[in-house]
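[1] Have a look at this fold, sequence not included:
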């Protein structure tokens, strides 16, 4: 019921599969659009096995933009929330979708680079801007 009200959905690959009920990412994206999503930022850190993280922005009419980021060394708690909130802020500021997503990823990356580990758990983003 919420998907048609979603301007930008920001799942990782596993979440996109669960939300759509599809194993194939292409089918998952198509299914989420069928259910009303207006755009989807598919994040890739959860399935990245090399030195780069690939995030994909999908828009209607088969438009998509790929973003590549250097993979950081730790596990992070709050990275997805940081990214989604930063995207919302950029959109609210009137930025184009691509520019809002690009600046949100940059903000999130900087927050993760400066992350702190309070104790023995995951690192927490240090949001300074």
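    Everything's here; your move. Predicted, not measured: the structure shown is a model, and the values here were computed from it. Residues are numbered from 1 along each chain as shown.
[2] any low-confidence regions in the protein?
    Within the chain, the stretches falling below the threshold (pLDDT under 70) are 48-49, 78, 114, 129.
[3] The lengthiest helix in the chain: which residues count as buried?
    Ranked by residue count and defined by DSSP state H, the top helix of the chain is helix 97-113. The neighbour-count criterion (16 or more other C-beta atoms under 10 Å) identifies 97, 100, 101, 102, 103, 104, 105, 107, 108, 109, 111, 112 as the buried residues of helix 97-113. All C-beta atoms are positioned from the backbone trio N, CA, C, and that covers glycine.
[4] Report the two of those residues separated the most.
    Pairwise distances across the buried residues of helix 97-113 peak at 22.2 Å for 97 and 112 (criterion: C-beta to C-beta).
[5] quick one on the thing from earlier: need the buried residues of helix 97-113 in JSON lines (columns: distance to residue 76).
    Supplementary listing: those in JSON lines, determined by distance: C-beta to C-beta, whole Å:
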{"residue": "97", "distance to residue 76": "24"}
{"residue": "100", "distance to residue 76": "21"}
{"residue": "101", "distance to residue 76": "19"}
{"residue": "102", "distance to residue 76": "20"}
{"residue": "103", "distance to residue 76": "19"}
{"residue": "104", "distance to residue 76": "15"}
{"residue": "105", "distance to residue 76": "14"}
{"residue": "107", "distance to residue 76": "14"}
{"residue": "108", "distance to residue 76": "9"}
{"residue": "109", "distance to residue 76": "11"}
{"residue": "111", "distance to residue 76": "9"}
{"residue": "112", "distance to residue 76": "6"}
